[in-house]
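Undergrad: task: produce atomic coordinates for the following.
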Amino acid sequence: MRARVSNRARYSSASLDQLEALRRARDRMDRDFASPLRLADLAECAHMSSGHFSRSFVRVYGVTPHHYLTTRRLERARTLLQLGSLSVTEVCIAVGFSSLGTFSRRFHEMVGVSPSHYAQSHSHPPLPGCVARLVLRPVRNGEARRASHSVR
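TA: Coordinates of the predicted model:
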């Protein structure tokens, strides 16, 4: 009978350090998505060369750093467009795109409709700030389960 090997034992300490460094860079993309982020800056955050960082990121997360960042920005854009308080141009700038054309093209590729059409069809009446914060705040899995059982 073979002994079970834990996931931690499967990786060398070097690869665990590399995973931690990649997670740090990914967390920076999640946190600072609206600011201009260059590949070299993210690689420096992970203490890697740009090429090694990009290859490692693809191996671990399955997408390029640029694709991950663009997806994160477009997810936030969808939320802002649903709120309806900003124009498409303001949303474009708020999520970190410098070109309205690029933003519109990428948004259409990901969502299937233009940002202006999405805003018209998915907008909700404006909510008071206190309600919007409650409804739109990130939810951890444990909190989601508790909330779904308590609401009946």
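Undergrad: just say helix, strand or coil for residue 36.
TA: Put simply, residue 36 is coil when judged by DSSP: H, G, I helix; E, B strand; the rest coil.
Undergrad: contacting residues for residue 95?
TA: Residues touching residue 95, when contacts are defined by C-beta atoms under 8 Å, 6 or more residues apart in numbering, comprise 33, 34, 73, 74, 76, 77, 80, 103. Bear in mind the C-beta positions are built from the backbone N, C-alpha and C, glycine included.
Undergrad: can you read off the pLDDT for the first one?
TA: The pLDDT attached to residue 33 in the predicted structure is 90.
Undergrad: count the neighbours of the closest residue to residue 122 other than its chain neighbours for me.
TA: On the basis of C-beta to C-beta, 6 or more residues apart in numbering, the spatially nearest residue to residue 122 that is not a chain neighbour turns out to be residue 82, at 4.9 Å. Summarising burial for residue 82: neighbours were counted as other C-beta atoms under 10 Å, giving 15.
Undergrad: now residue 82: phi and psi?
TA: Dihedral angles of residue 82 (phi, psi; degrees, to the nearest 10) stand at phi -70, psi -30.
Undergrad: just the buried ones from the contacts of residue 95?
TA: When burial is judged by neighbour count using 16 or more other C-beta atoms under 10 Å, the buried members of those are 33, 73, 74, 76, 77, 80, 103.
Undergrad: out of the residues you listed, which are inside helices?
TA: Members of the buried ones among the contacts of residue 95 lying in helices (criterion: DSSP state H): 73, 74, 76, 77, 80, 103.
Undergrad: how about the contacts made by the residue nearest to the fifth one when sequence neighbours are not counted?
TA: What it means is residue 80. Using C-beta to C-beta, 6+ apart and skipping residues adjacent in sequence, the residue nearest residue 80 is residue 91, 4.6 Å away. Taking C-beta under 8 Å, 6+ apart as the criterion, residue 91 is in contact with 77, 80, 81, 115.
Undergrad: and the helices in this structure?
TA: Along the chain, the stretches classed as helices by DSSP H are 7-10, 13-31, 39-45, 50-61, 65-83, 88-94, 100-111, 115-122, 129-136, 141-150.
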